[in-house]
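1. next input, structure requested:
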Amino acid sequence: MTSDGRKKMVERYDCTGAGDVDTSIVVQANDDGNIVGVSGRLLKIPTDWTNPSGQFHIGIVNCYDLYPTNLRERIEKYRKEKLWDPGFKKVFADTMRKLQYCSSFSTNTLNGSEDDTLLDNKDKYGSQKNQSLNVK
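-> Numbering: from 1, shown residues only. This next block holds a predicted model:
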């Protein structure tokens, strides 16, 4: 409630299913009461469901497509910060460190000199690390 007694709307979700999922695929349950969903999963139809035609319309949709924009952005931001960034930032920092190290030896190459000291230098990172940078 607001300070003047009006109701607040915090967030609203449309759960009507207004054609969000394509259910044009029609299947029938097997003798065990199972159907194979669009994703390939085995779906068990409860025995207490009554379906006079015996036909089930199935479909699949990515849940992100159903989320409101604000919710989707919030989830993506959370996943990026908690799941992606920790590993990515470490790998990115290591790669930039290696690039700066390699760049310090390639100034002669960038200036057009025939002397390629980057290819000869294997002392700091060793030959295996240079090979991982595609330097032989």
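2. what domains does the record give for this structure?
-> Domain assignment of the chain by automatic domain parsing yields the ranges 8-66, 67-132.
3. figure out which of those domains is closest to Met1.
-> domain 8-66 (6.7 Å; Cβ to Cβ). (Glycine included, C-beta is placed from N, CA and C.)
4. okay, strands next: where are they in this structure?
-> Ranges of strands in the chain, per DSSP state E, are 25-28, 34-36, 42-44, 55-58.
5. what's the longest helix along the chain packed up against?
-> Secondary structure of the chain per DSSP state H: the longest helix is helix 85-105. Packing contacts for helix 85-105, counted by 3 or more Cβ pairs under 8 Å, 6 or more residues apart in numbering; DSSP states H and E, involve helix 117-120.
6. circling back to that earlier point, quick check: buried residues in the longest helix of the chain?
-> Neighbour-count burial for helix 85-105, counted by 16 or more other Cβ atoms under 10 Å, picks out Lys98, Cys102.
7. returning to that earlier point: save the strands of the chain as CSV, and put in mean pLDDT, mean neighbour count and distance to Pro68 too.
-> Shown next, in CSV, are those (pLDDT from 0 to 100; neighbours: other Cβ atoms under 10 Å; distance: least, Cβ to Cβ, whole Å):
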stretch, mean pLDDT, mean neighbour count, distance to Pro68
strand 25-28, 94, 12, 27
strand 34-36, 95, 14, 31
strand 42-44, 94, 12, 27
strand 55-58, 93, 14, 25
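8. columns distance to Thr2 on top of those strands, output as JSON lines?
-> JSON lines is the format used below for the strands of the chain (distance: least, Cβ to Cβ, whole Å):
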{"stretch": "strand 25-28", "distance to Thr2": "47"}
{"stretch": "strand 34-36", "distance to Thr2": "49"}
{"stretch": "strand 42-44", "distance to Thr2": "45"}
{"stretch": "strand 55-58", "distance to Thr2": "43"}
